[in-house]
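**Student:** what follows is a predicted structure for the sequence shown.
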Amino acid sequence: MLNVGLTGNIGAGKSTVARLLESWGASIVDADRLTREVQEPGSPTLAAIAERFGPAVLSPDGALDREALRERVMNDEAELAALNAIVHPAVQARRAVLAEQAAARGVRILVNDIPLLFEVLDPAAFDLVVLVDAPVELRRRRIMAARGLSEADADRMIAAQLPPSEKRARSDVVMDSAGSLAEVERSSRDAWRAILERAGLRADDPPGN
């Protein structure tokens, strides 16, 4: 099984690329989805978050108040590090289980959609790393439009990640997602061909599911 790391800084368009790769046959493991799963009410991860950050980060029904938690850690590196120390191990453990299950099913191409791949993992642990990138001005506009953030808040979220310039040399495939949807699809097709080639598959070979 080819284990692919798909990453991109916030607002780069990585989720669009992941959906395209999935439509062409890749099996996707979404780290953001896993994060939400391990933080569900009743989970050990949510209990640890509440113990560390207090009841103010919980909503009245006991679920995680993501906005309150984001405000708590956004401008405090120590608080963010404490949160990451709780959440990331749980997410990686769950991702490892899903990878084992995918391999057992005969999946040939597993794409791990991981926003913070370079920040929290070793890219060398993946067979192929695909980086989706776009100019910072465009990423800022996308974040503000999608999340209703101020420019200052968008800039804080951008600054919380390593700059793409530090990730490019360590990636096997670098995609530009600054263009139209049709242009992004063409770039994604090129990335898919590179993935197939690395997996030793032809375009008409079934990659598993």
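**Tutor:** It's in.

**Student:** distance of residue 183 from residue 189?
**Tutor:** According to CB to CB, to the nearest Å, residue 183 and residue 189 sit 11 Å apart. (Each C-beta comes from the backbone N, C-alpha and C, glycine too.)

**Student:** likewise residue 164?
**Tutor:** Noted for residue 164: a distance of 21 Å to residue 189, by CB to CB.

**Student:** for the protein, which helix extends over the most residues?
**Tutor:** Looking across the chain with DSSP state H, the single longest helix is helix 77-105.

**Student:** how far does whichever helix or strand comes after that one sit from its chain's centre?
**Tutor:** The element immediately downstream of helix 77-105 (helix or strand, assigned by DSSP states H and E) is strand 109-113. Centroid separation for strand 109-113 versus its chain: 11 Å, with CA atoms, centre = their mean, to the nearest Å.

**Student:** now stretch 60-69
**Tutor:** 21 Å.

**Student:** any idea how far apart the tips of it sit?
**Tutor:** End-to-end distance for stretch 60-69, by CA to CA, to the nearest Å: 14 Å.

**Student:** low-confidence ranges in the protein?
**Tutor:** In the predicted model of the chain, residues 206, 208-209 satisfy pLDDT under 70.

**Student:** for it, what spans make up the helices?
**Tutor:** Along the chain, counting by DSSP H, helices occupy 14-23, 31-38, 44-53, 66-73, 77-105, 117-120, 136-147, 151-159, 165-168, 181-199.
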